[in-house]
Each structure stands twice: as C-alpha cells, then as structure tokens.
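Mind looking at a prediction? Sequence and model below.
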Amino acid sequence: MKEFETVIGLEVHLQFKTETKIFCGCANRFGDEPNTLTCPVCLGLPGSLPVLNRKVLRYAIRVALALNAQINPVVKFDRKNYYYPDLPKGYQISQYDLPIAHDGSIVVSTAGQEKKIGIKRAHLEEDAGKLIHDGANNCSLVDYNRTGTPLMEIVSEPDLRTPQEAYDYLTALKLTLQYLDVSDCDMEKGSLRCDANVSVRQKGAKEFGVKAEIKNLNSFKAVKSALEFEENRHRAMILAGEKIVQETRLWNDEKAATFPMRSKEEAHDYRYFPEPDLVPFSLAPNAVEEVRRDMPEMPHAKLERLLKRYSLVEYDAHILIQDPHIADFFERCAESYKDWKKICNWIIGPVQQEMNSRKCGIGELKLPPQNLIGLIEKVEQGVVSNLVGKDVLIMMLDTGKDAQTIIAEKGLAQVSDTGALEKIVEAILNENQKVVAQIKEGKDSAMGFLVGQAMKKTQGKANPKLLGDIIKRRITDG
Amino acid sequence: MLSKEEVRYIASLSRIDLKDQEIEVFQKTLTAILDYIEKLKKLDVSGIAPTSHVLPLQDVFREDRTRPSLTKVEALRIAPAQAKGSFKVPQVIE
Amino acid sequence: MNLFPLTAHELLDLIKSKAATPQNIFQSLSERTASVEGQVKAFARTRDEKTVLAEIDPAANVPLPITIKDNICIKGEETTCASKILKGFRPPYSATVIEKLRQKGCVVQAQANMDEFAFGSSTENSAYGPTRNPWGLDRVPGGSSGGSAAAVAADEAIWALGSDTGGSIRQPASFCGIVGLKPTYGRVSRYGLIAFASSLDQIGPLTKDVTDCALLMNLIAGHDERDSTSADVPVPDYTKALIKDVKGMKIGIPKEYFIEGMDPEVKQAVDAAVEVLRKAGAVFTEVSLPHTEYAVATYYILATAEASSNLARFDGVQYGLRAQPEKTRKTPLIDLYEETRDKGFGWEAKRRIMLGTYALSSGYYDAYYLRGLKVRTLIKNDFDSVFKEFDAVITPTSPSTAFKIGEKAADPLSMYLSDIYTISANLAGIPAISIPCGFSKEKLPIGLQILGKPFAEETLLRIAYTYEQNTGWHKERTSL
C-alpha cells in the first residue's frame, strides 16, 4: 500500500467593507435592487477612469501587517484581460508583479499543534458583477452592483496537508480578518470566498501531483468536504493508474461531489500589463507605520492578555476571543464588576445562547455591559435565582430594559420575608402531614417535595434556601 | 511571417470572428508591421527602466465618500437587451 | 459682414461691442455648414438648431459654439468614435472638458468625424465615410481629428476639440492649415475621452490662430480629481503668453527629422520659418534626438497594446451594437462577442486590436511590450537632455502635405510612417503645437511643429504667436 500526501493551497477573496467601491463613489453595499449602485466608472463605460479609494489601500496594509507579510515599497495596478459578461471593461484591474504584500504567514492551531502556514501573496483587485442564470428563459442576467467592490486576494503557499488543516487555516484566517475590522467575512453574502488547489502525491515525492482547482465553495465545511472528495478521487485515480488532468471543478453541495466545469475552458492568456489609468502608490515605511499604529490587537495577543489580566481559564478565554466584539464586551463588563469568571460564564453561556437563537452579534443585542452586570448582581444578591435570571435576560433583550426594571415590573423578586414564608410553610405542613411524618421517620428525600410545594405556592418567587431552612427547623422543632 | 494559425489565434484572443480572406489580409499587413517593429531589437535596452507613465505622479486617491450613482433607468437605457432590471445576455454555461 | 470666417477672439470682441450676438454667430455657422458640409463632410452629426439656440446664454463668458470630436462623451448625445460598434450609444455622463466648456457658456454645435477610435491619420477609417480636405477635396484632412480640423479650416466651426495620441491633432491641423495643440500629458482631463491609448491620449484645441488656441486652453486645462493621471499643476492664463518676442530663446533643430522621405516643399517652408524666427531673435542650434527612428515602432506597440485592452469593453453586452448570431459556432456568448466585434469594428480597428493583443500575449510580452516601454524611456531621455539646454525644438509636423484620399489606404505601414514627426511628443508626454507655415505649389498647407518641456505650453504659444504675427499664413482661407 502506497502512502499518499495531499497538498493544498487556498485562495481567499475578501471584500472590504468600505463605504464606497474601490475606484468610484458608488456605495459598496450588498442586497440592493439590481443595477442601482452603478456609475460610468464601475459600469466601465467608455471614457470613464478609475481613482483609488484611499481607505482600500489602508485596509490592505492592515491585512498585510496582520499576515506578517513583506510589504512592497511601491505597488501598482495591472490589467488582467479576459472576456466575461460580469466584467464590464473586458479586463479586471488587479495587481500582477507588484502586489501589496508577499511572503507572509499565519499560525494555525490544528490537530493539537500550532503550524505556520505561508502566505504567498496578497493583492488588491476589483470584484466583478453578479451573473444570474435564468434557465427558464434561456438567458443570463447581469447585475453590476457588485462590480468594483474592493477585493483582496490572499493566496496561501501549498503548505496545507489535510482537509482539516485547510479548515483550520480558514478559521484562523477569518478570525484574524475579523479582528482587523476590514470585512464582514460572511461567506453567505460572499464577502469571504475561497477557491482551493489540491493535488496528491506519494509521500516523500519532491514534485507536486497534477492539481485540480475547486470553485463554488460556499462554506468552510464545503471546503473541507470538497477537499476530502478530491483527495479520495485523486488517490483512487493514482491507484488505478489513471491520468489526472489539470482542470477546474465545481463543488456540488447537494451531491457532495465535485464536477468538471461544463464550459470548455480555453487556454488563459490574461495579457497582464500596467494599468495606465492609475499611477503607482508608495507604501513607504512611514506610511505603513501609520497604519501599524492603528492596528487592533490580534487574536493571539488578546488571548494571552485575557488569560493574564483576568485569570481566566484557557478554555473560556478561547471562546471569548472567537469574536472580537464579545471579547470587548467582556472587558467592558469586567471594568465594573470584579467576579470575572462569573461574567465570563454568563457571556459564553446564556448571552451566546441568545445570540445564536437570535442570529445576531453582540452589538445587535439590546444589552449594554452595565445591564448584564446589573443582572449578575441581582442573581448574586439572591434577588432572583439563577434560573429566573436567565428568563430576566431574555426579557431584557426583548425590551432593552435593565434587570431591576424587569424584576420589578414582573414581580420576580424572590420572597425572602421570613414572616411571609413562615406562614406559607405552616400551611404546607398542615396540608401534608403524612409527608412530615415520613421525614420525621428519617426519609430526608421527601424534603424536596415540601420545598417544591412551597415554591409552587409562591409561584417560584420564594428564596429556596431560606424556604428549606424554615421547613427543616419547623419539622425538627415541631 | 505570421502563420494563418497564429492570426486565427490572435483573432480568437481578441474575440473577433474573421473570415478566411480576412485572415489572409491580416496575415500580410500584421507581418509587415511586425517586421518593421523588429528594428527595436537593434537597441540595447539592458539596464533601462520601462516607462509606463510619463509623469512622475504617485499616490493619487479619492476619499471614501459616496457619490450619487446612476439610476437603474439611466444604467439600463444603454443596454442592447434587458430583463428583470438587469442586462440580458445569452445563457452562460459553467 | 460674414461672421463664420472670424476667429473666436474676434467674435468675442464683436459680442462685447454688441456688433454681433451669439445667436447671429451660430446662425452664420449653420448657413456656412449648409453650403459646404456636403463637400467637406467634417461632421459625424450636427445638433438640432433649436436645441443649440436654446442652450445659448448670451450673458456667459464665452457664449460661442464649438465642435467636438466624436470620441468625447456628451451626456445624452450619441457618441460613437465614428464606429459602428457604438451606434446609438448615448453616454449617461459628460466628459470633464464638456462640463468645463459649458460652465463658460460654450455650446456644442456638432460632433466631428474622425478615424474610427482615432485609429488613423486620414479620417478615411470612419463609419461615416471619409472627410475631405477643404484645401483640396480629393485630399485627406489628416487624422484622426480630421473632422475637427476640416470643420475649422472650412469655417464650419469657429474652433474645435480633438484628441492626440500620436499626432491626431497636429497632423490634421498641419494638413488643413490651422493651429493644433497637443498639451502636456496630464494637462487636460481625459475623463470622458473614449480611450485609444490611455498613456498617450490628450485632448487639445484646433483653432484658426494662436490666440484662439490660448483662449481654448484656458477653458479646458486643469486638474481633475476624476482622472488619476491629471496633473495638479497650476494653470496659467495662456493668453498672457501671446507675446511677439522670442529674443534670446534657444531653439533646437533635431537633425534626425530632416532626412530622406521629407517633401522638399515642406523642408523649404520649415527652413523659411526658422529664418523668420531667427530674425525675430531666436537662437537656433542643431540638436540630436538619437532614438527618433525608433519612435514609430515603439508607438505602434504601446498604443495598440493599450488599445486592445481599452476596446475590449465593446463586446455587445452592455451598450452599442449587439450581433444576433444565427447559428452556434462556439458558445452563444462567445459567438455574440466575436460576431459583434467582427461587424462593429472596421479593418484598421481590428488590425490594431490584434497587433496589440499579440504584443501583450504570453511569450511576446518581453520582446514587444516591455521592450517598447524601455525604448520609450530612451526617447523621453532624448528630450529631457535637449530641454536642459533648449527652450523648444522645431520640426515639420508631417513629412508631406495632405495626401490623396485612398493613396495610403491599402498600406497601413506607410500610413503609420506619416506620423513619424508627431509620435515622439506623445511618447515623451511633452506639449507640441502645429501652426501653418506656408503652402505647397498645389496650395496645400504646410505645418510647423514646435515642441517644449512638460507644462511649457506658454513657451510654445509665445514662439507660435511671434511667428504668426510675423507672417500671416493663418489668414489664408480656402476657396470653398
């Protein structure tokens, strides 16, 4: 049995979330009515000319710095020439021999270890329009709203060896990019896209096998599944002595398989040449330094800091940093409440549960940090039980009101008035004399039943600990 | 001399459908021009930097501020074919 | 008094003194057009008279009609580059120069014929048919701004805008006996100029005299934030450069320009022009621009490469012509592209697109395009070193006077070589002006070219003005 090795390289396209497109003042927005966000420039009308959005270059430098990449001191744009209906000018403005950055890396936690994955290059380009296939009418429809959306293409070295490693690389890369706050990184909306190059060779071989390029990967899971499929396909072909052809294949999620592209691919000759309508741009050290000063904290640094500063356990801190906004939220809460472990438990527990069920980020929850702290305090003071506290949270999120208001409005405060509780206990004991007798005979387990009955009477508002104490005393004394 | 096949390939890269007699005409004229251009090979250009831009301009930006877009009607008015608020083309096979 | 033969500055004076109104002027031009346009065919289309009259604001600064080359976008007006592929295309926006002209009160009167996409030196390659030279109707007006030049020479237009990628303003100005200026690259915004070769194209004036040239430059020059290659350099008042004095100015005469192939009548006229300026105090010295002989070859690599890419957008998808393929040869989409481009482009456009595609294609890029960019550096360096010592360089604009219609149509290379004196200025990005400097025995105009340093349009205007005021060739009119 031969031993195989899979070689994977990923190309990630990242849409920047700037106000406007890369070369014109049209709004850079997803989901608008088709062809309502266009102008002569992004429609590529004759005579129109591109002018670079300053922020796009700044975002690109941010990405380059986060990927520990070499930044070219002077960059330029080039034209990549090819014909496609979603490409209005017949060329895409991209970068060829002087990209923003090259030779970077990212540390990926995979299979219980940290592995450094090389970043070959990262360059800027303009996105194309959207082509909608209208099979019923035997035509295709083009929406140019997306045309000119700023894109950064991040090309990894062929350093990935398993589909899981590819998955972990994407996870780590996405987290880094989210921290940079340059993109929504939303694969469903297409603000993060991924193509994969995969080949299989015999372990120890120097040459790469013949690669397949996989497109139409709509989720990280799809990337992993497609790579697994390809890995098996290539191995089987090698074992069967079949010749693998270099080709582009499309992943089909439903059929869980890749298929060769139907359109006959012609030999590509993109005829790159320097874009004469744009001038060169200098990324001199001082310009880069300026961007570096504004760089947010990166995930790894944040993890280290959270562990040290708040003495969190590693598992909890890991969860917090998966979303920079959540980590921020934690820290803002931690400013005014010192039981950091409690805060963390509430966030990674009930709060995240609500984020998931409401399908929103922490920023969209109606929950200012002081409100969460207010709730935690009420629970800790015994005003409400832990369980009721979770219901209070839901009501807080529904209404935006704080814990105190909700507890007061709904009368959820626990009854801790011993006088009132004594009366209730007395009634319960009278109603359940058989049970009281059993307890006296030593059947302690029946205590719970009595507490339950009393809770029922108070509609759950009684302080259960206090209630237990009173019942115990009355039975022993009586 | 450019071969007919080369001319056909260039035409196809250029997305121009040429008839056979057109191919012949272009084969002749393009070859004559390319022969003339050969004279550049006489020059020693080693160590010479290429000039893509004659002006020493650099770092020309626009700020990230929106400007009005065309309306859908304005954008689509120029279209040779449209449907459902979009530019219509023959079916593209993937 | 007929108003149509007058210059813009003369007409502005008449308006000021209330001896004429902008409406009178436009009507005079319309009548002139009605009587001679059938012979000259300078225009791709003229605008409706009522519309133009309605647009005239007599209180404006410069309420004069202007003719615009058909490759400069005017919102809502058909703009086609004289190509079938853009038939019916009405841009939803106007070029920056159009906006600037309109701000000063200029009114677009007509759109001028041209070689398709500015590919040519004769205005024969047009979907609208050839324009004729008003000095000899069997002759070409030059090109590619031949319609603009012929309209001005025939007094159908007071002045006009053209574009110059390799001589397309200067050569027709020379053939038609008028003034044509190609400004420094970056001096006039290219926004809205349908690109031929982006790194070489410039819009510029075609006028009856040097004063009008300065006036029109005042209207169109300046930085434009919509054009990344537009220079943020202050714009002078060009009319202040109209000084009849060249004493002590140092002018070079490049020996490489006075070689075989030049029409002796052209040489004679240029020699005589040099004498006029020498007498006016300029100091002439022979200089060398050693890479001149490589300019045409370099140009036809770089310009066609850029053009092949710039014209890729004309594919029948978004606007303009769309062919309806009858049967499927390759795929429905590729058939649409290929047939649209086959039907829409003329011979010369196809030739240049293919030449440029070849120069950029895999395996040939270094040998052609990259080498071209390097030779461009050498050509630019030639000028840089001459301009260290000299204020200007003087040459003929074209090696010959206007040739006959059809004479070079079958031999593209000989057509390309007729640009030999004008191409270098585009490659080097420097300003150059062509002014009338006499006539051949057949009464065909001859042009004198003056080249200067980047942004030294004032120097060119001053030398040109001095020459013009000492001679008077610009006052000669055609017999139309």
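The structure has been received and is ready for your questions.

Could I have the CA atoms of the lowest-mean-pLDDT helix or strand in chain C written out in PDB?
None of the helices or strands of chain C scores lower by mean pLDDT, DSSP states H and E than helix C:412-417, at a mean of 88. The C-alpha coordinates for helix C:412-417 follow below in PDB (Å, rounded to 0.1, in the frame of the first residue of the first chain):
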ATOM      1  CA  PRO C 412      -1.100  50.600 -43.300                       C
ATOM      2  CA  LEU C 413       2.600  50.800 -42.600                       C
ATOM      3  CA  SER C 414       3.100  53.800 -44.900                       C
ATOM      4  CA  MET C 415       0.200  55.400 -43.100                       C
ATOM      5  CA  TYR C 416       1.800  54.800 -39.800                       C
ATOM      6  CA  LEU C 417       5.100  56.300 -41.000                       C
END
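
SS state for the closest residue to A:Ala205 other than its chain neighbours?
Take A:Ala205 and drop its neighbours on the chain: the residue closest to it by CB to CB, 6 or more residues apart in numbering or on different chains is A:Glu5, 7.5 Å away. Glycine gets a C-beta too; all of them are placed from N, C-alpha and C. With DSSP: H, G, I helix; E, B strand; the rest coil as the basis, A:Glu5 sits in strand.

So for A:Glu5, what's the pLDDT?
pLDDT, the model's per-residue confidence, is 95 for A:Glu5.

and it, how many neighbours?
Counted with other CB atoms under 10 Å in any protein chain shown, the neighbours of A:Glu5 add up to 16.

How far off centre is the strand or helix carrying A:Asn430?
Assigned by DSSP states H and E, A:Asn430 falls within helix A:418-431. Helix A:418-431 sits 53 Å away from the centroid of its parent chain (CA atoms, centre = their mean, to the nearest Å).

And stretch A:432-452, by the same measure?
On the basis of CA atoms, centre = their mean, stretch A:432-452 sits 52 Å off its chain's mean C-alpha point.

taking the mean pLDDT, what do you get for it?
Here stretch A:432-452 scores 83 as its mean pLDDT.

Show me what counts as buried in that stretch.
A:Asn432, A:Val435, A:Val436, A:Gln438, A:Ile439, A:Ala446, A:Met447, A:Leu450, A:Val451 (16 or more other CB atoms under 10 Å in any protein chain shown).

Just the ones in helices from those, please.
If you go by DSSP state H, the buried residues of stretch A:432-452 have A:Val435, A:Val436, A:Gln438, A:Ile439, A:Met447, A:Leu450, A:Val451 in helices.

my read: the third one touches A:Asp444, true?
I take that to be A:Gln438. No - A:Gln438 is not in contact with A:Asp444 according to CB atoms under 8 Å; the separation is 9.5 Å.

which residues does the residue nearest to A:Ala205 bridge with?
A:Arg201 (DSSP bridges).

How about the one 4 residues further on?
Partner residues in beta bridges with A:Gly9: A:Asn197, with DSSP bridges as the criterion.

Count the neighbours of it for me.
When neighbours are counted by other CB under 10 Å, A:Gly9 comes out with 22.

pretty sure it is touching A:Asp195, no?
No - counting by CB under 8 Å, A:Asp195 is not a contact partner of A:Gly9; they are 9.5 Å apart.

how near is A:Lys203 to A:Ala196?
Remark: distance between A:Lys203 and A:Ala196 (CB to CB, to the nearest Å) = 21 Å.

how about stretch C:457-471: buried residues?
Those would be C:457-469, C:471, for stretch C:457-471 by 16+ other CB under 10 Å.

what does stretch C:132-142 contact?
By CB atoms under 8 Å, 6 or more residues apart in numbering or on different chains, the list of residues contacting stretch C:132-142 from outside reads C:36, C:39-42, C:121-124, C:130-131, C:146-147, C:149-150, C:153-154, C:171-177, C:398, C:402-405, C:407, C:442-445, C:478, C:480.

Check which helices and strands the longest strand along chain A sits against.
With secondary structure taken from DSSP state E, chain A has its longest strand at strand A:113-126. Applying 3 or more CB pairs under 8 Å, 6 or more residues apart in numbering or on different chains; DSSP states H and E, one finds that strand A:113-126 makes contact with helix A:54-66, strand A:91-94, strand A:101-110, strand A:150-156.

circling back: quick check: PyMOL command selecting the buried ones in the contacts of stretch C:132-142.
This is the PyMOL syntax for the buried subset of the contacts of stretch C:132-142, where burial follows 16+ other CB under 10 Å:
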select buried, chain C and resi 36+40+41+42+121+122+123+124+130+131+146+147+149+150+153+154+171+172+173+174+175+176+177+398+402+403+405+407+444+445+478
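
out of the contacts of stretch C:132-142, which are inside helices?
C:36, C:39-40, C:146-147, C:149-150, C:153, C:171-176.

Need the residues that contact stretch A:69-80.
Stretch A:69-80 has contacts (CB under 8 Å, 6+ apart) with A:52, A:61, A:64-65, A:91-105, A:119, A:122, A:124-125, A:270-275, A:278, A:280-285, A:288, B:52, B:58, C:309.

Just the buried ones among these, please.
Judged by 16+ other CB under 10 Å, buried ones among the contacts of stretch A:69-80: A:52, A:61, A:64-65, A:91-96, A:98-102, A:104, A:119, A:122, A:124-125, A:270-275, A:278, A:280-281, A:283, A:288, B:52, C:309.

so what's the closest residue to chain C within the stretch 1-150 of chain A up against?
Taking CB to the nearest CB, chain C has its nearest neighbour within the stretch 1-150 of chain A at A:Gly90, 2.5 Å off. Going by CB under 8 Å, 6+ apart, A:Gly90 touches A:Gly44, A:Asn81, A:Tyr82, A:Tyr83, C:Ser309, C:Leu311, C:Ala312, C:Arg313, C:Asp315.

B:Val7 now?
Contacts of B:Val7 (CB under 8 Å, 6+ apart): B:Leu18, B:Ile23, B:Phe26, B:Gln27, B:Leu30, C:Met354.

just to revisit the earlier point, could you pull out the buried residues of the helix holding A:Asn430?
Buried residues in helix A:418-431, counted by 16+ other CB under 10 Å: A:Leu421, A:Ile424, A:Val425, A:Ile428, A:Leu429.

so what does that helix touch, helix or strand wise?
Here helix A:418-431 touches helix A:447-457, helix A:464-477, going by 3+ CB pairs under 8 Å, 6+ apart.

residues of the longest one that come out buried?
Using 16+ other CB under 10 Å as the burial criterion, the residues of helix A:464-477 that qualify are A:Pro464, A:Leu466, A:Leu467, A:Gly468, A:Ile470, A:Ile471, A:Lys472, A:Arg474, A:Ile475.

now that helix and helix A:433-440, what's the angle there?
In terms of direction (axes from the mean of the first three to the mean of the last three CA atoms, to 10 degrees), helix A:464-477 departs from helix A:433-440 by 80 degrees.

Can you give the contact residues for helix A:464-477?
A:382, A:385, A:416, A:418, A:421-422, A:425-426, A:428-429, A:436, A:439-440, A:447, A:450-451, A:454-455.

ok, C:Gly320 to A:Thr248 distance?
31 Å.
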